[in-house]
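1. The following block contains a protein sequence and its predicted model.
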Amino acid sequence: MSLVKNEFENVAVIKKANVYFDGKCVSHTVQFPDGTRKSVGVILPAKLTFNTSVPEIMETVSGGCRYRPELQGAGQLQLRHRSQRRALSLRLSFRLNRETGMPSFDITSEADLVALKNAVDVAGRHIGNRYDFKGTSARAELNEKDKLITLHGDSEFQLSQIKDILFPEMEKKERESTKRLDHGPVQSVGGNKSKQVLTIKVGIEQELAKQIVKLIKDSKLKVQASIQGDAVRVTGAKRDLLQEAIALVKKSITDFPLQYGNFRD
C-alpha cells in the first residue's frame, strides 16, 4: 500500500529550509513524536545526482521523474509514487531526471457572487411586487463577505414561498448554484416572525475531495488525483485521459457543483 499521505499530525517543522542543487531541490524537515524525521519539499525540472549511504525512501505526490543507478554500494533508495503499490530499489548513487509537469487540470467549486447578487436582487423585486406579501417581513438579504443569504418572513411557510421565488432566479444566473446552499434551521424572531440562514459553500470540502480522489483511483484510469487545499488536481500523460476523468466525475458527483479548469500541458 502507498506510504504517501496528504497530511501529518502532531509534528514539528524545522523553519530553516534545506536547499540543494542551487535551489532546484528545496525541502523542510518534519520531526515526528517518536523522533523520526522526513523531508517534505519540491524538486524542480532538472537532472540531479544524489548520493546516499543509508537506506532512504523517496515518495512522490505529483509529477514524474526518471532515475538511473550509477554506482553500487551499501546504501539503498526506494522510489514510491502515490498511485503505485510497488517500490523500486536503487543503490548508493543515482541520477534523477525530474521531468516537466504532465498535463493536468483542477477540480474546484467557486460561487459566482456577481450572478448570485443579481439573482437575489431580481427575487427581491418579485417579492416586493407580490400582493400577498404586502405588509409582511418577506425579504431575502445577501451578505457577500460572509457568503450568507438570510430569508425573512412572517412564518416558515412564507420562507418556503421566498425560496420558490429565489431558487429559480439563482439557477437562471448560475446553473446548479442552489446545490451549494447549506440550509440552516428556521428560527423564530420577534415572537411571530421567522428567518433562515443559507450558507453559500465555496471550495471542495475534505470529505468530498477524498471521495473524488478515491473515485478516480478506483476507476483504474491512468491518471493521478491529489487534494490541493479546497481543490483536487488531476494529472495524466494525455489530455484524452484527463477528459475521461472529467466525464467520470461529472457522471458520479451530481449533488454539488464542480468546475473543471486551469488546464496545463
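-> Here it is on my side, so go on.
2. who's in contact with Arg130?
-> Ala138, Ile165 (C-beta atoms under 8 Å, 6 or more residues apart in numbering). C-betas here are computed from N, CA, C, even on glycine.
3. again, but for the one 10 residues further on
-> Ala140 makes contacts with Val120, Ala123, Gly124, Ile127, Ile149, Thr150, Leu151, His152, Ile162, Leu166, as judged by C-beta under 8 Å, 6+ apart.
4. and the helix or strand harbouring the fourth one, what does it pack onto?
-> Using DSSP states H and E, Ile127 sits within helix 113-129. Applying 3 or more C-beta pairs under 8 Å, 6 or more residues apart in numbering; DSSP states H and E, one finds that helix 113-129 contacts strand 139-143, helix 156-173.
5. and which of the contacts of Ala140 is nearest to Val189?
-> His152 (7.6 Å; C-beta to C-beta).
6. Tyr214 belongs to a strand, doesn't it?
-> For residue 214 the amino acid is Lys, not Tyr. No - read with DSSP: H, G, I helix; E, B strand; the rest coil, Lys214 is helix and lies in no strand.
7. Do you know the pLDDT at it?
-> The model reports Lys214 with a pLDDT of 95.
8. Would you map the helices across the stretch 151-265 of the chain?
-> Secondary structure of the stretch 151-265 of the chain (DSSP state H, counting those that start in this stretch): helices located at 156-173, 206-218, 239-252.
9. Using JSON lines, lay out those helices together with mean neighbour count.
-> Below are the helices of the stretch 151-265 of the chain laid out as JSON lines (neighbours: other C-beta atoms under 10 Å):
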{"stretch": "helix 156-173", "mean neighbour count": "17"}
{"stretch": "helix 206-218", "mean neighbour count": "16"}
{"stretch": "helix 239-252", "mean neighbour count": "15"}
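10. Gly184 is nearest to which of these?
-> Per C-beta to C-beta, nearest to Gly184 of those: helix 156-173, 11.2 Å.
11. what's the neighbour count on the residue nearest to Gly184 when sequence neighbours are not counted?
-> Nearest non-adjacent residue to Gly184, counting by C-beta to C-beta, 6 or more residues apart in numbering: Val197, 4.2 Å away. Look at Val197: counted by other C-beta atoms under 10 Å, it has 17 neighbours.
12. and Val197, what are its bridge partners?
-> Bridge pairing for Val197 (DSSP bridges) gives the partners Thr150.
13. ok, back up a step: got the CA positions of the helix holding Ile127 in CSV?
-> What follows is helix 113-129 as a C-alpha-only set of coordinates in CSV (Å, rounded to 0.1, in the frame of the first residue of the first chain):
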residue,chain,number,x,y,z
LEU,A,113,-21.1,36.1,-6.4
VAL,A,114,-22.0,38.6,-9.1
ALA,A,115,-24.6,36.3,-10.6
LEU,A,116,-25.8,35.4,-7.1
LYS,A,117,-26.3,39.1,-6.2
ASN,A,118,-28.2,39.7,-9.4
ALA,A,119,-30.5,36.7,-8.6
VAL,A,120,-31.2,38.0,-5.1
ASP,A,121,-31.9,41.5,-6.4
VAL,A,122,-34.4,40.1,-9.0
ALA,A,123,-36.0,37.9,-6.4
GLY,A,124,-36.3,40.9,-4.1
ARG,A,125,-38.2,42.8,-6.8
HIS,A,126,-40.6,39.9,-7.3
ILE,A,127,-41.2,39.6,-3.6
GLY,A,128,-41.9,43.4,-3.3
ASN,A,129,-44.4,43.1,-6.1
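14. Cheers, nothing more for now.
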